[in-house]
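K.L.:
sequence? don't have it. structure:
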């Protein structure tokens, strides 16, 4: 029997506000334990929460960016459960009346566009952080993270493959980063995801029994965990077994999910409206102000890059995956009007260098204007593409400009036909056996001759001239 996966994702994005959602404590990451706390976020008796307006604004940005309906009136609720990292014994969240509903995101997977619905977006506070001592039965709790603002984005069960789940997650991460509301750091937990997955016979409508997967802190882990879990559930059903509704953890070392706890029915969190917080009323004028301030979003920017610059969809997808990267690309184009050439160098040499160094585009060793200067030297045939790679590496190492490096190292391309003619003649005369083979039909040997000429000129000969002159001499 052929099965179809049904996947839904619950994403928590930590908002980049300076202070927490209901108090004035700092949200800066990495402080000493329990130093960014106060009576409000520690849940001391008699204190009252005060809503951070910036949290609401950031949530509105995300809601508008994903086409959600914004509720004129929403309210906060208390989600009751007892765990050491929750000092109040409840978490302030939103339940029956969230701030936004019924959004959607379009993602591209293998050339096809998939529309994934968003059930709801709501605001809530984060819990603290527990750390367990491996040497003795002691756990420690750091309340610095308690009260840090989150938005939870709950998708519809519209995702049908691990690849689509990965594309959806990447798209939402790109959106929050474009909006400037979240840094999208999966490793530090400021953008995290839980996945719900079930399978059903292809062509049927009823959902199967689902499992929830936690501990997913990278795009690769999300896709691998879903692939494993789908295969596991298929094997269970193929053996006439029944899938158990449970929460499972992804183990990246063993590349498998493992049972964490049974989840036979939904937890009873005993939600009720928070009596300390009034209903939140969103006026339409505020919504329109936020809408006007939205930046160009990744999907719109990608379409523009394809339409305006003639870039392939693949190039545009990579260049618009990060707002700073897209800006770097367009800054280059202010100095050289060769979109595909710029795209090739950014996606090749520049991103290759950044990935090798573990750095981001804002740490690029070469500015957009300096890269454009280098590409101008290639475009006007002052240097060859091969020499340009050497110059790029030297620019990244030394910080010198392309033109200065070319002049200091005497790397200007040889475009004198007569000079190249002489070198080609020398190479042809030195390789009579290869000449005979070429003239007998082994035309792929042209590459051998080009290599010999480039070696003789230390890579400085104009490749087009070399090819033209070689063909002329070899075909005499």
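P.N.:
Nice, I can see it. Bear in mind that the values here come from a model prediction, so they are computed numbers and not experimental data. Numbering: from 1, shown residues only.
K.L.:
which helices and strands does the helix with the most length in the chain pack with?
P.N.:
Using DSSP state H, we find that the single longest helix of the chain is helix 219-238. The contact analysis (3 or more C-beta pairs under 8 Å, 6 or more residues apart in numbering; DSSP states H and E) places helix 219-238 against strand 3-14, helix 162-179, strand 191-201, strand 211-216, strand 246-251, strand 256-262. From N, CA and C alone the C-beta is placed, and that goes for glycine too.
K.L.:
The longest one packs against which elements?
P.N.:
Contacts of helix 162-179 with other secondary structure elements, assessed using 3+ C-beta pairs under 8 Å, 6+ apart, are made with strand 3-14, helix 53-65, strand 100-109, strand 112-125, strand 191-201, helix 219-238, helix 298-309, helix 323-333.
K.L.:
got CSV for those, with distance to residue 397 too?
P.N.:
Converted to CSV, these look like this (distance: least, C-beta to C-beta, whole Å):
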stretch, distance to residue 397
strand 3-14, 36
helix 53-65, 40
strand 100-109, 37
strand 112-125, 43
strand 191-201, 33
helix 219-238, 31
helix 298-309, 30
helix 323-333, 20
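K.L.:
right, and these - which one's nearest residue 260?
P.N.:
Across the helices and strands packed on helix 162-179, the minimum distance to residue 260, taken as C-beta to C-beta, is reached by strand 191-201, at 11.4 Å.
K.L.:
how many degrees apart are that closest one and helix 219-238 in direction?
P.N.:
Relative orientation of strand 191-201 with respect to helix 219-238: 30 degrees, computed using axes from the mean of the first three to the mean of the last three C-alpha atoms, to 10 degrees.
K.L.:
for strand 191-201, which positions count as buried?
P.N.:
Buried positions in strand 191-201, judged by neighbour count with 16 or more other C-beta atoms under 10 Å: 191, 192, 193, 194, 195, 196, 197, 198, 199, 200.
K.L.:
ok, the last one - contacts?
P.N.:
So the one you mean is residue 200. Contact analysis of residue 200 by C-beta atoms under 8 Å, 6 or more residues apart in numbering lists 3, 4, 6, 206, 207, 208.
K.L.:
and it, how far is that from residue 377?
P.N.:
Distance of residue 200 to residue 377, computed by C-beta to C-beta, to the nearest Å: 59 Å.
K.L.:
follow-up on the earlier one: next, format the helices and strands packed on helix 219-238 as CSV and append mean pLDDT and distance to residue 152.
P.N.:
Converted to CSV, the helices and strands packed on helix 219-238 look like this (pLDDT from 0 to 100; distance: least, C-beta to C-beta, whole Å):
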stretch, mean pLDDT, distance to residue 152
strand 3-14, 96, 5
helix 162-179, 96, 12
strand 191-201, 94, 10
strand 211-216, 90, 14
strand 246-251, 92, 17
strand 256-262, 85, 20
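K.L.:
For stretch 431-442, what does the pLDDT average out to?
P.N.:
Averaging pLDDT along stretch 431-442 yields 88.
K.L.:
ok, now stretch 279-287?
P.N.:
97.
K.L.:
Report the buried residues of stretch 315-334.
P.N.:
Buried, per 16+ other C-beta under 10 Å, within stretch 315-334: 315-323, 325-326, 328-330, 332-333.
K.L.:
Closest to residue 123 out of these?
P.N.:
Closest approach to residue 123 among the buried residues of stretch 315-334 (C-beta to C-beta): residue 323, at 23.4 Å.
K.L.:
Could you double-check that that closest one sits in contact with residue 297?
P.N.:
No. Using C-beta atoms under 8 Å as the test, residue 323 is too far from residue 297 to be in contact (9.5 Å).
K.L.:
which residues are in contact with both of the two?
P.N.:
Joint contacts of residue 323 and residue 297 (C-beta under 8 Å, 6+ apart) are residue 178.
K.L.:
burial of residue 382, as a residue count?
P.N.:
17 (other C-beta atoms under 10 Å).
K.L.:
Tell me, what's the model's pLDDT at it?
P.N.:
Note for residue 382: predicted pLDDT of 87.
K.L.:
Tell me which helix or strand it sits in.
P.N.:
For residue 382, there is no helix or strand it lies in under DSSP states H and E.
K.L.:
contacting residues for it?
P.N.:
Counting by C-beta under 8 Å, 6+ apart, residue 382 touches 406, 412, 413.
K.L.:
quick one: it from residue 432, how far?
P.N.:
From residue 382 to residue 432 the distance is 35 Å (C-beta to C-beta).
K.L.:
list the contacts for residue 208?
P.N.:
For residue 208, the contact set (C-beta under 8 Å, 6+ apart) comprises 6, 198, 199, 200, 233, 243.
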